[in-house]
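> just coords:
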């Protein structure tokens, strides 16, 4: 496929790390929450193998934070998500679908409880801050909504644990998965969570002081030499194999959280109050008629930029939304919205691209 | 400056016209409302002269519509803007700042009144639909908020009038500036407004039927041969010279509409009800201490990807937010947020880029 450049402007905000990473072999960007998000270096497959064996630093500042502060902050956060946060704890991260009054997906962020009256919503790509502002104004809530200058640096891969221990000390090992705490580096406090958009393990450093963040960035590369640290970015092969969904790619505002397989993050039984609860109760009663599943396709390359129908004879089995060649399976793997009558995992289908038909099979998520 | 590719994915939505325009010499994209927006062909300067003399077709589907329908739709639309829409008419477009409760800018769309209970908000780059959903839910308004599959094709330039008359008939000449109506082309109705993001005159065709839209697209190129029609995109030279502000570039959620020069679109005197009115009354009393103005700088090229300080000795005069080389002025022209003490148009300043200082002068907007 033809390649196109990205036209930079102030509107597509640079990050504190942009100038660093551009000099470290970056070749392509995507845009995420009105910000540049590195999306390719030299070779996605090479980076995939490196990520699974070593450690990478990712500039994921595009994962912007919606900060909600005030005595009604917990109420406002709960209003936007179907996940029950009534027993949430300070210092913990919660993966939580944000939905609208129709019960349709708006975002799938990580919600961080910093204090009883202070929350961060660490976003996928949509302006959830505007949703929060509308609700806060409409309901006259005492909740201040803002986007603080927080820029996430992710340290991902199996050697991230050793690297972070070397740079930040042994205390980092006490951090549990989806826990967060403050850690000191050269007199500056860094908010660090054990999280990240890969299944290879790692951390996300929420940089609040740009200058200190750049010093830490440089130190991680220096100290990381022995672990073969490299600059990286969310890897499409790794994330699809791992079944990590991408908001805007795998689902959008036309889909509900049941269809996305978010059942364990949906609470329709307790008395918590959130928008779309009535809609989800109805959907739950009726049952869904499609859901996101994995697929494997007999192809050695693919580029998906819009939904593609998967067919079984003249019937549509579902729609392919993300796909990439997997060196592990030696075929294309993908994420597709599949109709109920085809949920049987052995269902075969055909995908037609440029007049050429390929065969595929439906499977569970995650693929690995 | 180094160039980077854009990584396409379903999340950066293609438009109905993407495949057409990619085969017509497109070289670069930006992203606008989660959609690909063409941003460069061969030479911006050549396209600037062509736009000012001839006619261009622009794929501006990224200007998404927020559709608001229902008995409380007018109330909801008014709640989001400081422009008085109480006397607005069906069939008219209204340029209107969208602000938050703090009186800060969220967007500067064109609001179209299709019916007493049906509105479109034709967006700059932010998810105003989520703001509307939050408000509608919070206030329990009878207003349905959605993003219809409407994709705008702009016909811009002085010869757009002749081209549109040739393709759509003489009736199109009756359309006044910022008026809209339905027009027939080969049995399909097209919603067309006399508007567009240039000062060279023209139309925006709100394509509601993709197939019919592609037929019209092809016909406009065919019939436009005699007018030297070319594919184009919003032109940075033309728009800065004309003082057409760009949301996210020239202003953002840190600025209020007075600072953007939107005074004539602000009503704090009548009894209309909108969010941020109290804040604007306060700002109006105190007076603003900075505003957007034009600048001319003695340089023959520039690339602005973040705010740049303009200095007068050791004092900061303001911040440059957009700039481009203007062949008309034979220097760089730009838009900057200027401190009150320097509003005197003759104020000289210095801009330092890569250690090199250039001289400049503040001027009014528009520059031409």
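Okay, I see it. Note that the coordinates shown come from a computational prediction; the quantities given were computed from them, not determined experimentally.
> stretch A:274-290 and chain B in contact?
Yes: counting by C-beta under 8 Å from any C-beta of the partner chain, chain B has neighbours in stretch A:274-290: residue A:275. Glycine gets a C-beta too; all of them are placed from N, C-alpha and C.
> buried set for that stretch?
A:274, A:275, A:276, A:277, A:279, A:280, A:283, A:284, A:288, A:290 (16 or more other C-beta atoms under 10 Å in any protein chain shown).
> could you pull out the helices in chain A for me?
Under the criterion DSSP state H, chain A contains helices at A:18-22, A:44-53, A:73-80, A:128-138, A:160-168, A:210-223, A:236-241, A:277-286.
> anything in the fourth one near chain B?
Yes: for helix A:128-138 and chain B, the contact criterion (C-beta under 8 Å from any C-beta) is met by A:128, A:130, A:131, A:132, A:133, A:134, A:135, A:136, A:137, A:138.
> any chance of TSV for the residues you listed, columns pLDDT, distance to residue A:342 and neighbour count?
Rendered in TSV, the data for the residues of helix A:128-138 next to chain B read as follows (pLDDT from 0 to 100; distance: C-beta to C-beta, whole Å; neighbours: other C-beta atoms under 10 Å in any protein chain shown):
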residue	pLDDT	distance to residue A:342	neighbour count
A:128	98	33	23
A:130	98	37	26
A:131	98	34	30
A:132	98	38	29
A:133	98	41	28
A:134	98	38	31
A:135	98	38	26
A:136	98	43	26
A:137	98	44	22
A:138	97	41	20
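> quick one: which of these is nearest residue A:99?
Of all the residues of helix A:128-138 next to chain B, residue A:131 has the smallest distance to residue A:99: 10.1 Å, by C-beta to C-beta.
> counting neighbours, what do you get for the closest residue to residue A:93 other than its chain neighbours?
Of all residues not flanking residue A:93 in the chain, residue A:178 sits nearest, at 4.2 Å (C-beta to C-beta, 6 or more residues apart in numbering or on different chains). Counted with other C-beta atoms under 10 Å in any protein chain shown, residues neighbouring residue A:178 total 15.
> and the buried residues of stretch A:274-290, which is closest to residue B:317?
Closest to residue B:317, out of all of the buried residues of stretch A:274-290 and judged by C-beta to C-beta, is residue A:275, at 46.2 Å.
> on that earlier part again, name the nearest of the residues of helix A:128-138 next to chain B relative to residue B:267.
Closest to residue B:267, out of all of these and judged by C-beta to C-beta, is residue A:137, at 18.6 Å.
> name whatever forms a beta bridge with the nearest residue to residue A:182 once chain neighbours are set aside.
Leaving aside its chain neighbours, residue A:182 sits nearest to residue A:189 (4.8 Å; criterion: C-beta to C-beta, 6+ apart). Counting by DSSP bridges, residue A:189 forms beta bridges with residue A:184.
> I'd say residue A:189 and residue A:168 touch.
No: using C-beta atoms under 8 Å, residue A:189 is not in contact with residue A:168, being 11.1 Å away.
> comparing the two, which residue is more hemmed in?
Shown here are residue A:189 and residue A:168; by other C-beta under 10 Å, residue A:168 has more neighbours (23 against 12).
> now do the nearest residue to residue A:42 once chain neighbours are set aside: how many residues are near it, please.
Computed as C-beta to C-beta, 6+ apart, the closest residue to residue A:42 that is not its neighbour in sequence is residue A:25, at 6.2 Å. When neighbours are counted by other C-beta under 10 Å, residue A:25 registers 12.
> how about residue A:83?
23.
> could you measure it against residue A:111, distance?
8 Å (C-beta to C-beta, to the nearest Å).
> overlap in contacts of the two?
Listed as contacting both residue A:83 and residue A:111 by C-beta atoms under 8 Å, 6 or more residues apart in numbering or on different chains are A:94, A:95, A:96.
> got those as JSON lines, with distance to residue B:65, neighbour count and pLDDT columns?
Output for the shared contacts of residue A:83 and residue A:111, formatted as JSON lines (distance: C-beta to C-beta, whole Å; neighbours: other C-beta atoms under 10 Å in any protein chain shown; pLDDT from 0 to 100):
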{"residue": "A:94", "distance to residue B:65": "34", "neighbour count": "20", "pLDDT": "98"}
{"residue": "A:95", "distance to residue B:65": "32", "neighbour count": "16", "pLDDT": "98"}
{"residue": "A:96", "distance to residue B:65": "29", "neighbour count": "25", "pLDDT": "98"}
